[in-house]
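Participant: here is my input, please return the structure:
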Amino acid sequence: MVCCVTADYKESFNTIGNIEEIAYNAVSFTWDVNEEAKVGCELQEKERFWSELDEVMESIPTGERVVIGADFNGHVGEENIGDEEVMGKFGVKERNLEGQMVVDFAKRMDMGVVNTYFQKREEHRVTYKSGGRRTQVDYILCRRGNLKEISDCKVVVGESVARQHRMVVCRMTLMVCKKKRSKIEIEKKTKWWKLKKEECCEECRQKLRQALGGQVVLPDDWEITAEVIRETGRKVLGVSSGRRKEDKETWWWNEEVQDSIQRKRLAKKKWDMDRTEENKQEYKELQRRVKREVSKAKQKAYDELYTRLDTREGEKDLYRLARQRDRDGKDVQQVRVIEDRDGRVLTSEESVQRRWKEYFEELMNEENEREKRVEEVNSVEQKVDKIRKDEVRKALKRMKSGKAVGPDDIPVEVWKCLGEAAVEFLTSLFNRVLESERMPEEWRRSVLVPIFKNKGDVQSCSNYRGIKLMSHTMKLWERVVEARLRKVVEICEQQYGFMPRKSTTDAIFALRILMEKYRDGQRELHCVFVDLDKAYDRVPREELWYCMRKSGVAEKYVRVVQDMYERSRTVVVCAVGQTEEFKVEVGLHQGSALSPFLFAIVMDQLSEEVRQESPWTMMFADDIVICSESREQVEENLERWRFAMERRGMKVSRSKTEYMCVNEREGSGTVRLQGEEVKKVQEFKYLGSTVQSNGECGKEIKKRVQAGWNGWRKVSGVLCDWKISARIKGKVYRTVVRPAMLYGLETVSLRKRQESELEVAELKMLRFSLGVTRLDRIRNEYIRGTAHVGRLGDKVREARLRWFGHVQRRDRRPKRRYMDGINEDMKLIFITVNCLSTDFSSQKGVKGLPLMIQIDTYSYNNRSNKPLHRAYCQIKVFCDKGAERKIRDEERKQNRKKSKGENNPKEENNGLALVLGKDTGAVTLPKKGDATLFKTMTDLDSQPVLFIPDVHFGNLQRAAQVFAFNTEEIEREGSVLVKRMFRTAEDDCCPSPHKQLREEPQKRVLLYVRKEYDEVFDALMLRSPTLQGLMDAISEKYSVPVERIAKIYKKSKKGILVNMDDNIIEHYSNEDTFILSIESYGDAFKITLTEI
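Facilitator: Numbers count the residues shown, from 1 in each chain. Predicted coordinates:
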C-alpha cells in the first residue's frame, strides 16, 4: 500500500516503519498496512490475526486519524441492514464468514468500510478478478469521524499492482499542520576527500610547508601540529556548508541554461506588468527556446555521465551512484522517533536525545555482576624497544582511506599525503606517548553513531549497535601497539575471529565436516550456540588488565592500553541532533583497531579451563559453539562455560543461546541452563551460513538466493538503467550480487537441483538487468555472454576446489609428544613437569637418554602461581629395543643377587627413593632398575632453564648454588650430551670419590673469511676455540694488534648482530664463511664477521 502526500507535508512524518509486520506509524495519522488474511487458514489462525490487529489499534491514541488498507479475503456483501453505522450498501455479492469478521472489527473499533459508501459501477468496485470470479476482497477502513474527509474511493480499471488484484484509490482531504523542525547544528567539515586529486595533495603540502616557515619537518608538539594541519586544510580544500545535503534535480545545469532561464523569467515579469500581445509572444518564444536548451543540456550531461561510468576511472562513481539511488528509493533515511523504557514513542527532539544518551550511558558504564579476583598475577617488567619507522609505515599502509573522521578532524589521508615527513613526526610522537604513557587529550573524545542491526523493532534502542568515530591518529597508534602485542601473545587455536590466516569459512567448514561425520556414522551430535549479551560493551576493565598480564604482556604495554581507556568520553549523534557528552568507563571501544585483539585475549584467558579442542569448541569473537556426543555432556559443558563467563562479568544470553541436535533420534530431550530450557532449533544461522540438524543444505540455498536478491535490489538503480552498458552491469553484478550468493558455498556439497536453483535465480537477475524476458526467446548463453558472466555452477566448483587446496596446504597438527600428555595431566592435578636439560640432536644410538626433570606442586585451593614444593631428579629414556634389553639385564642382575644370598640392606633398598624434605627420610618403593632420586629445591621463584647443552651445565645456578653433576662415563667422541646426575642425598653426607675423566682431544675451529671486495677466502685456523684464539688469528693474518681489538661481532644471515664469545666460536662457527669488516674508531678496532 502507498501513502502519497504533497511535498509540503513530507516533513510531517517522523518515521515509516513496520510495527510487528502490521502497522505503519506516522505523527499526524496512522496508516496501517495489514498482512494478507490467507484463504484456507484455520479459524484459530484467523482469530489470532484479528487479535493482533486489535492490539495495534489499542496502542494508537484515540485522537489520531487511522486508515487501514488490506486484502482481508472476505466479502462484506451488498446488504447493510443492521450495519449501517459501519458500511454502506455498495458492496459486491453476499457476505461470508471472513467478511463478517471485517464488519465485526469495524464495529469494535468504531470504523467504517470506505469502499461501500460510494456508488460506482461494478467494474469500479471489483478488486479481484481470476478466471470467472469477480469479487471484492480489498478494503480501506477509517474512523467513522473521518469519513467526511474522504471525497472518493474506487478501483482503477486496467491497473494491476499484484497478481489478480486491482488498484484501489482513496482520496482523503485533511489539514495537517506543517511541522517546523528546529535547525540541527551540523558541524562544518573540511573537504579532505579532495586529497584524492594529486594537484590538491601537492598544493596542501606546499601550503603546509609555507605555514611552517619553509620547513618540511613538523613540530614535535601534537596540539600545534594538529592546528596547523586543520587550518591549512580549511584554506586549501575548503569546508562544507554545515547544512543537510538536499537532492537537486538541476545538478546538470550549466551557465547557458541558467542565463536562458533568467531571460525567460524577466520576459514573464515584463508580460505580467504589461499584458500586450508583443510581450506575450516574446515570452512564449523564450519559453520554447529554454525548453530546447534545457533538453539539450540535460541530454549532454547524462551522455557525459554514462560515458565516464563506462571507463575505469568512473567505476567508483558507478558504485556511489548505485548507493545514492538505493537511498533515494527508501521512504525515510533515519528514524526520528524512539521508544522509551516503557515502550512509549518519544517524538520531541529533546526527549529523543535524552533517551539515546540514557541508553548508551547506562550500557557503557554499568558492569554485570562478577566475582572480585583475589589472586594476583605477576607482571612482566621488561625493557620495551622504541617505535621504529618501519612499524609506522606498516600501520599507515593498513589504514583505509575514505573513512569518517573523528572529533579531531584529521583523517589518515593527511599523513599519507605528507609521506616521509609524516612518518618521522608520527614515530617521534608515538615514542613520546610510549615513554610518558600519556596520549593527547584530544584522542580521548569520540563520536558514537547508532547503527541499526536490521532485525527487531526499529524504534527500540537495544536493536542498535553503537560505533565510535575515533581519531585516525589514535587508530594508527593502536595498530602499532597491536602489531607488537600479536608477537607476544599466543591465542588458542579455537579462536577464529580476527586471527591471521583464519576466517568465518574455517569455522563453518569445521562445523559442517563434524556434522557430516556424525551423520555418516548415524550418531547424534549435540551443539549449543552460545551468545554473550552485549559482549564488547560489558567487558570489565579490571578483567582486561588481568588477562593481558596473564598472557605475558609487558607491564609497559598494559599501562599504555590503560591510558587509551582512561577518561574516555563520547557523544551520540542521531537523526535529531547531538546529545550531551558523557563518560565511558566499561567495555571496549566499538570501532577501535585494537579492541578485537583485546577481546580475543580476554576470551582466551576466561575460557582456558573450559574450552575443548577444535572443533568441539569454536569461537569467533563472542560467537561460541560447543559440541558433544551426548546431551548430558553438552549441558554440563554449557554450565561450565556459563560459570566461567558470568563469574568474570560476561553474561550468557538466555534468549539468544540455542541448542540443535544433529541426526536426532526419538526422545533425545533438550538442554537446560540453570534450570531454564534452552531454545531447541532445527536450523541455525552460524556466522552467516545456515546449518540444519539433518545435515542438508536446502535452507542455506534459499537463504543464498534471498541474499542475492537483496544485493541486487541495492544496486538495481544501476542494473536496471538502460543507458548503462551490459559490460558494466555484468561487472557490478559480479562484484556485488554474486559474492552474496556464493558466501560459504565452498564448504557445501550441492545437488544438481540446488545448483539449478541458484542458476535460475541468477538468470532472472541478469534478464531483469538487461531488460530481456522469456518471451524474447533469447538463450541463456547469450545473456551470460552479453553481461560477461560465467556459469554460477562453474564458479561454485572453482571456489570449492580452491578451498580444498587451502585445506590440503594448511599446517598439519603438531606431532603428539609424551611430555605434552604429561603436562596436560599435571595441569589437572596442579603439578607441572619441566625438562631442565635435554638435547636430542646428537643422541642417535645412545644407550639410555638422560633427562633432568623438575616437578612443581601447587595449592589446589587458591591456585596460586607460586609452587608450594619443588624437586628435581634424573630419568633415562630408552628406545623400544633398548628398554627391553635394559629390563632383561636388570632381571638377570636381580636373580644373581638372590642366588648369592646377599643381605646388604643398602642393596636391598634398590628402588625409587623420594626425598621430600630435609627432615624426611627416604621412602623406598620396590621397582626394577636404577634408583631415581628426588632432591628438594629451596628456590621456588626462578623459572626453569630449558634445553641447556652440556657445555653450559657448569654455569647453571639456582638459588645462588652451583649444581654438581657427577659424570660417570664419557660417551663417544663428538657427542654433546653426557650422562648427568644431580647430587643425591648420600652425596651430601658422604661425597663419592672423584672419578678421573678421560682427556678429550683439543678441538680446533677453522673459519673462511674474506673482505667485501675480495674474491678469494682466507683460512683462519684458531689454535684454541675461544675468542682469544680468534683475535690471535685475525691479528696474525691482517696485522691488527690484539690489544687494540675492542669488539668482535657476528652478524647472522637474518641480520641479527651478536657479540662473539667462546660458546659461539666453539659450537656454531666451525667451517663457516664470513665477510670480514675492520672498522677503526679512536685508538681501537671493531671487527664484524657477516655470515654468508
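Participant: point out where the stretch 201-350 of the chain drops to low pLDDT.
Facilitator: 213-217, 242-252, 327-334 (pLDDT under 70).
Participant: which residues of it fall in helices?
Facilitator: Secondary structure of the stretch 201-350 of the chain (DSSP state H, counting those that start in this stretch): helices located at 222-237, 255-273, 277-309, 315-328, 349-363.
Participant: reformat those as JSON lines; add mean neighbour count.
Facilitator: The C-beta positions use only the backbone N, C-alpha and C, and glycine is treated the same way. JSON lines is the format used below for these (neighbours: other CB atoms under 10 Å):
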{"stretch": "helix 222-237", "mean neighbour count": "17"}
{"stretch": "helix 255-273", "mean neighbour count": "14"}
{"stretch": "helix 277-309", "mean neighbour count": "14"}
{"stretch": "helix 315-328", "mean neighbour count": "14"}
{"stretch": "helix 349-363", "mean neighbour count": "18"}
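Participant: so which of these is nearest residue 1008?
Facilitator: Among the helices of the stretch 201-350 of the chain, the nearest to residue 1008 by CB to CB is helix 222-237 (52.9 Å).
Participant: what helices or strands is that closest one leaning on?
Facilitator: Contacts defined by 3 or more CB pairs under 8 Å, 6 or more residues apart in numbering; DSSP states H and E place helix 222-237 against helix 198-211.
Participant: tell me which residues in the helix it packs on are buried?
Facilitator: By 16 or more other CB atoms under 10 Å, the buried positions in helix 198-211 come out as 200, 201, 203, 204, 205, 207, 208, 209.
Participant: any idea how far the residue nearest to the fourth one when sequence neighbours are not counted lies from residue 224?
Facilitator: This points to residue 204. Of all residues not flanking residue 204 in the chain, residue 236 sits nearest, at 5.0 Å (CB to CB, 6 or more residues apart in numbering). As for residue 236, its distance to residue 224 is 18 Å (criterion: CB to CB, to the nearest Å).
Participant: next: residue 432.
Facilitator: To residue 224, residue 432 is 14 Å away according to CB to CB.
Participant: do residue 430 as well
Facilitator: Per CB to CB, residue 430 is found 17 Å from residue 224.
Participant: can I get stretch 639-647 as PDB, trimmed to CA atoms?
Facilitator: Below are the C-alpha coordinates for stretch 639-647, written out as PDB (Å, rounded to 0.1, in the frame of the first residue of the first chain):
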ATOM      1  CA  GLU A 639      27.000 -24.800  32.500                       C
ATOM      2  CA  ARG A 640      30.800 -24.700  32.900                       C
ATOM      3  CA  TRP A 641      31.000 -22.000  30.200                       C
ATOM      4  CA  ARG A 642      28.200 -20.000  31.900                       C
ATOM      5  CA  PHE A 643      30.100 -20.200  35.300                       C
ATOM      6  CA  ALA A 644      33.400 -19.300  33.700                       C
ATOM      7  CA  MET A 645      32.000 -16.300  31.800                       C
ATOM      8  CA  GLU A 646      29.500 -14.900  34.400                       C
ATOM      9  CA  ARG A 647      31.800 -15.100  37.300                       C
END
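Participant: so which bits of that stretch are buried?
Facilitator: Neighbour counts using 16+ other CB under 10 Å place 639, 641, 642, 644, 645, 646 of stretch 639-647 among the buried residues.
Participant: tell me how many other residues crowd the closest residue to the last one other than its chain neighbours.
Facilitator: Think residue 646. Nearest residue to residue 646, sequence neighbours excluded (CB to CB, 6+ apart): residue 652, at 6.5 Å. A count of nearby residues for residue 652, using other CB atoms under 10 Å, gives 21.
Participant: OK, contacts around residue 652?
Facilitator: Residues in contact with residue 652, defined by CB atoms under 8 Å, 6 or more residues apart in numbering, are 530, 531, 532, 533, 641, 642, 645, 646, 673.
Participant: rewinding a little: pick the one among the buried residues of helix 198-211 closest to residue 281.
Facilitator: If you rank these by distance to residue 281 using CB to CB, residue 200 comes first, at 50.0 Å.
Participant: for the closest one, what are its contacts?
Facilitator: Per CB under 8 Å, 6+ apart, neighbours of residue 200: 194, 236, 237.
Participant: so can I have TSV of those residues showing distance to residue 595?
Facilitator: Below are those laid out as TSV (distance: CB to CB, whole Å):
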residue	distance to residue 595
194	31
236	34
237	31
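Participant: show me what the helix or strand residue 604 falls within is packed up against.
Facilitator: Here residue 604 sits within helix 595-606, counting by DSSP states H and E. Judged by 3+ CB pairs under 8 Å, 6+ apart, the packing partners of helix 595-606 are helix 472-488, helix 541-550.
Participant: one more time with 10 Å
Facilitator: helix 472-488, helix 541-550, helix 555-565, strand 617-620, helix 631-646 (3 or more CB pairs under 10 Å, 6 or more residues apart in numbering; DSSP states H and E).
Participant: once you drop chain neighbours, what's closest to residue 438?
Facilitator: residue 563 is the one closest to residue 438 (CB to CB, 6+ apart), at 6.0 Å.
Participant: mind checking how far that neighbour is from residue 443?
Facilitator: Distance, residue 563 to residue 443, by CB to CB: 10 Å.
Participant: and for residue 503, the neighbour number?
Facilitator: Number of residues near residue 503 (other CB under 10 Å) recorded here: 14.
Participant: residues in contact with it?
Facilitator: 496, 497, 509, 620, 687 (CB atoms under 10 Å, 6 or more residues apart in numbering).
Participant: what about it, distance to residue 510?
Facilitator: To residue 510, residue 503 is 12 Å away according to CB to CB.
Participant: overlap in contacts, these two.
Facilitator: In contact with both residue 503 and residue 510: residue 496, using CB under 10 Å, 6+ apart.
Participant: for the record, mean pLDDT for stretch 758-774?
Facilitator: Average pLDDT, stretch 758-774: 91.
Participant: buried stuff in that stretch?
Facilitator: Those would be 758, 759, 761, 762, 763, 765, 766, 767, 769, 770, 772, for stretch 758-774 by 16+ other CB under 10 Å.
Participant: does residue 254 touch residue 300 like I think?
Facilitator: Yes: if you go by CB atoms under 10 Å, residue 254 and residue 300 touch, sitting 8.8 Å apart.
Participant: host element of residue 1088?
Facilitator: Going by DSSP H and E, residue 1088 is in strand 1084-1091.
Participant: so what secondary structure elements neighbour that strand?
Facilitator: Strand 1084-1091 packs on strand 1005-1011, helix 1027-1038, strand 1045-1051, strand 1073-1081, going by 3+ CB pairs under 10 Å, 6+ apart.
Participant: so which of those comes closest to residue 479?
Facilitator: Between those, strand 1045-1051 lies closest to residue 479; by CB to CB that is 30.2 Å.
Participant: got a list of what residue 621 touches?
Facilitator: Residue 621 sits in contact with 495, 496, 497, 498, 532, 535, 536, 596, 599, 600, 603, where contact means CB under 10 Å, 6+ apart.
Participant: residue 595 versus the fourth one, what's the distance?
Facilitator: Which is residue 498. To residue 595, residue 498 is 9 Å away according to CB to CB.
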